[in-house]
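Asks: my questions concern the predicted model and sequence given below.
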Amino acid sequence: MNAQRATHAVSGSPLRTDFGHLIDGELEPLGEPLDVINPATGAVFARSPAAGRAELERAVTAARRAFKAWKERSFEERRAAIKQMAQVLRDNQAELAELLTLEQGKPIGQARDEIGRAATQAEGMAAISIEPEVLIDDATRRIELTYFPLGVVGIITPWNAPINLAAGPLTSALYTGNAAIIKPSPYTPLTTLKLGEKLREVFPRGLLNVLAGGDELGQWMTAHPGIDKISFTGSVAAGKQVMASAAATLKRVTLELGGNDAAIVLDDVDPRAVAPKLFFASFVNSGQVCMAVKRIYAHERIYGALCEALAEEARKAKVGSGLEPGVELGPIQNKAQYDRVLELLDDTRRAGARILAGGEVPKGPGYFLPPTLVTDIDEGSRLVQEEQFGPLVPILKFRDVDDAVRRANDTRFGLSGSVWSSNPERAAAIAARLEVGTAWINQHRATSAVVPFGGAKESGIGRQYSSLGLKSYMEPRVISLLK
Ligand code: NAD
């Protein structure tokens, strides 16, 4: 998506303009500014700088220089710096969370959780040790597999969880000895720029650079010969462009892309017990989560009761501005995404599906839609086939488990999925048939620093987190000794 230009009048307090790129250790408010909109009001509340090619060149030069010294540091030294980064996140949690809610829309408690989680994940990843592996050690040979850092990593992030999705790749890049340039989404650049400012003293000059800018800045990064790896989180369409562009310089890529996660709910669950968990897994951050539940397949025996229990959850959820106390669901983050979700809702209505809860677009400012559940919908409809990335979720009926698995897998997406049952062994056998990067049982959306996360099929390439993820920020090198 392109950077949004304000069409709404600037309202209320003066525009915030206290943001700069972090380039070679300096804060630089350069470039034609971008308007940043508060999605709860639809009004511009801040201006972000936007980097051009000159800023990118300087960031790459600084990062290449800093990399030379940083790669010589021990894992222990780099771990200490990551711990300091985690402390900076915690020390500034309240300030960063408020800014995150203003630009992203999520409720303030969830914004605080995002910052706190970024700190915990960073520490968790930096506690993993990457050791050489002895592959052969016999009378004639000793062969070891070792790893060395790649160089400069470009980290490109989306607008749904800008800090969490920057902190994971950033930790991976720096802990394994690389330098980094982060580019946040033009919709949500501010919290990442502020974080860069706060981290200025933590890392050596030039090691971490933060550049705000539009999609074209991301394109320049993927084509730049001075960048060795791209860690991209975003849509499938842009992910394909990133991979094509990175091919020209054979950059390494990790692509964390979209999903269309199915939850398969078996006939042996208590619908009232699973409904709150399923509801949260579907609607947290108003459905704007890559690994949110986006299709619910319910066995016909519990279908009616589950629909009713989910509808009850939807009716009682408090929707509003993320800064208001008690709000559980905020707005959709930007106008283009809002229009897309409303278009999917229209399409669903036109196709004759039934709106079980929600569905009314509130009057007034902001990009709001209450949590909306849809039933009696065709498997082939857009809402079932596409990634909605909003608070609009279909519930589909099945009779036969094989049919549910077939429908869950009948998609180009393969991020994650879940199976819900009172019999964990039965659920595990079904989970093992899902074509996804993560299959959860009786939960959805649970991640950890030591567990790899990423997508199958068009949901991505590679994994973040865990030693598997960390090693993808390094090049394997075999050391082969003839005795
Ligand atoms: P997007 O692809 O439009 O943009 C993501 C980032 O890429 C932005 O910073 C954007 O400026 C940049 N960009 C856009 N086109 C580019 C190009 N051709 N080359 C380089 N950079 C480019 O995605 P979005 O709308 O910001 O985010 C929503 C999407 O992200 C959803 O599909 C969601 O599922 C996905 N997502 C995936 C994960 C995951 O871990 N798998 C996590 C969060 C979000």
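Replies: Yep, that arrived.
Asks: which one in this protein is furthest away from the centre?
Replies: Within the chain, Ala139 marks the point farthest from the mean C-alpha position, 48.8 Å out by Cα atoms, centre = their mean.
Asks: what's near enough to touch that residue?
Replies: Lys483 (Cβ atoms under 8 Å, 6 or more residues apart in numbering). Quick note: C-beta positions are derived from backbone N, CA and C, even for glycine.
Asks: got it, and Leu306?
Replies: 265, 269, 271, 274-275, 278, 296, 298, 395.
Asks: that older thread, for the residue farthest from the centre of the chain, give me phi and psi.
Replies: Backbone geometry at Ala139, expressed as degrees, to the nearest 10, gives phi -60, psi -30.
Asks: look up how far the ligand lies from it.
Replies: For Ala139, the distance to the ligand equals 47 Å [Cβ to the nearest ligand atom, to the nearest Å].
Asks: if we can go back for a sec, redo the contacts of Leu306 as JSON lines? Include secondary structure.
Replies: Output for these, formatted as JSON lines (DSSP: H, G, I helix; E, B strand; the rest coil):
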{"residue": "Val265", "secondary structure": "strand"}
{"residue": "Val269", "secondary structure": "coil"}
{"residue": "Pro271", "secondary structure": "helix"}
{"residue": "Val274", "secondary structure": "helix"}
{"residue": "Ala275", "secondary structure": "helix"}
{"residue": "Leu278", "secondary structure": "helix"}
{"residue": "Ile296", "secondary structure": "strand"}
{"residue": "Ala298", "secondary structure": "strand"}
{"residue": "Ile395", "secondary structure": "strand"}
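Asks: which one of those residues is nearest to the ligand?
Replies: Closest approach to the ligand among the contacts of Leu306 (Cβ to the nearest ligand atom): Ile296, at 17.6 Å.
Asks: tell me how many other residues crowd Ala311.
Replies: 19 (other Cβ atoms under 10 Å).
Asks: C-terminal to whichever strand or helix holds it, what's the next element?
Replies: Applying DSSP states H and E as the criterion places Ala311 in helix 300-316. Counting by DSSP H and E, the next helix or strand C-terminal to helix 300-316 is helix 335-350.
Asks: chain center to the helix or strand just after that following helix: distance?
Replies: On the C-terminal side of helix 335-350, the closest following helix or strand by DSSP H and E is strand 354-357. With Cα atoms, centre = their mean, to the nearest Å as the basis, strand 354-357 stands 29 Å off its chain's centre.
Asks: against which helices or strands is strand 354-357 packed?
Replies: helix 300-316, strand 372-375 (3 or more Cβ pairs under 8 Å, 6 or more residues apart in numbering; DSSP states H and E).
Asks: could I get those as a markdown table with mean pLDDT?
Replies: Shown next, in a markdown table, are the helices and strands packed on strand 354-357 (pLDDT from 0 to 100):
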| stretch | mean pLDDT |
| --- | --- |
| helix 300-316 | 98 |
| strand 372-375 | 98 |
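Asks: distance of the residue positioned nearest the centre of the chain from the ligand?
Replies: Nearest residue to the geometric centre of the chain (Cα atoms, centre = their mean): Leu165, 4.8 Å. Distance check for Leu165 against the ligand: by Cβ to the nearest ligand atom, it reads 6 Å.
Asks: get me the contact residues on this structure for the ligand.
Replies: By Cβ under 6 Å from any ligand atom, the residues of the chain that approach the ligand are 1, 156-160, 165, 183, 185-186, 214-215, 218-219, 222, 233-235, 238, 241-242, 256-259, 290, 387, 389, 415, 455, 460.
Asks: show me those residues that map onto helices.
Replies: Taking DSSP state H, the ones among those that sit in helices are 165, 215, 218-219, 222, 238, 241-242.
Asks: got the CA positions of the helix or strand Thr171 falls within in PDB?
Replies: Assessed by DSSP H and E, Thr171 sits inside helix 162-175. Taking Å, rounded to 0.1, in the frame of the first residue of the first chain, the C-alpha atoms of helix 162-175 are listed here in PDB:
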ATOM      1  CA  PRO A 162       5.100  -2.500  14.200                       C
ATOM      2  CA  ILE A 163       7.200  -3.000  17.400                       C
ATOM      3  CA  ASN A 164       6.800  -6.700  17.900                       C
ATOM      4  CA  LEU A 165       7.500  -7.400  14.200                       C
ATOM      5  CA  ALA A 166      10.600  -5.100  14.200                       C
ATOM      6  CA  ALA A 167      12.000  -6.300  17.500                       C
ATOM      7  CA  GLY A 168      12.100 -10.000  16.500                       C
ATOM      8  CA  PRO A 169      14.100  -9.600  13.300                       C
ATOM      9  CA  LEU A 170      16.200  -6.900  14.900                       C
ATOM     10  CA  THR A 171      17.200  -9.100  17.700                       C
ATOM     11  CA  SER A 172      18.000 -11.900  15.300                       C
ATOM     12  CA  ALA A 173      20.100  -9.700  13.100                       C
ATOM     13  CA  LEU A 174      22.100  -7.900  15.800                       C
ATOM     14  CA  TYR A 175      22.600 -10.900  18.100                       C
END
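Asks: in that helix, what counts as buried?
Replies: 162-175 (16 or more other Cβ atoms under 10 Å).
Asks: how about low-confidence regions in the protein?
Replies: Applying pLDDT under 70 to the chain picks out residues 1-12.
Asks: leaving out chain neighbours, which residue sits closest to the residue in it that the ligand sits nearest to?
Replies: Using Cβ to the nearest ligand atom, Gly218 is the residue of the chain that sits closest to the ligand, at 2.2 Å. In this structure, Gly218 finds its nearest non-sequential neighbour in Ile156, 4.8 Å apart by Cβ to Cβ, 6 or more residues apart in numbering.
Asks: correct me if wrong: the one you found contacts Ala180.
Replies: No. Judged on Cβ atoms under 8 Å, Ile156 makes no contact with Ala180 at a distance of 11.3 Å.
Asks: from Ala161, how far off is Gln110?
Replies: With distances taken as Cβ to Cβ, to the nearest Å, Gln110 is found 9 Å from Ala161.
Asks: more neighbours: which of the two?
Replies: Looking at Gln110 and Ala161 with other Cβ under 10 Å, you find the greater number of neighbours at Ala161, namely 25 against 21.
Asks: for that one, what are its contacts?
Replies: Contacts of Ala161 (Cβ under 8 Å, 6+ apart): 104, 114, 285, 289.
Asks: change it to 6 Å
Replies: Residues in contact with Ala161 (Cβ atoms under 6 Å, 6 or more residues apart in numbering) are Glu114.
Asks: repeat that for Trp220.
Replies: Contact analysis of Trp220 by Cβ under 6 Å, 6+ apart lists Leu56.
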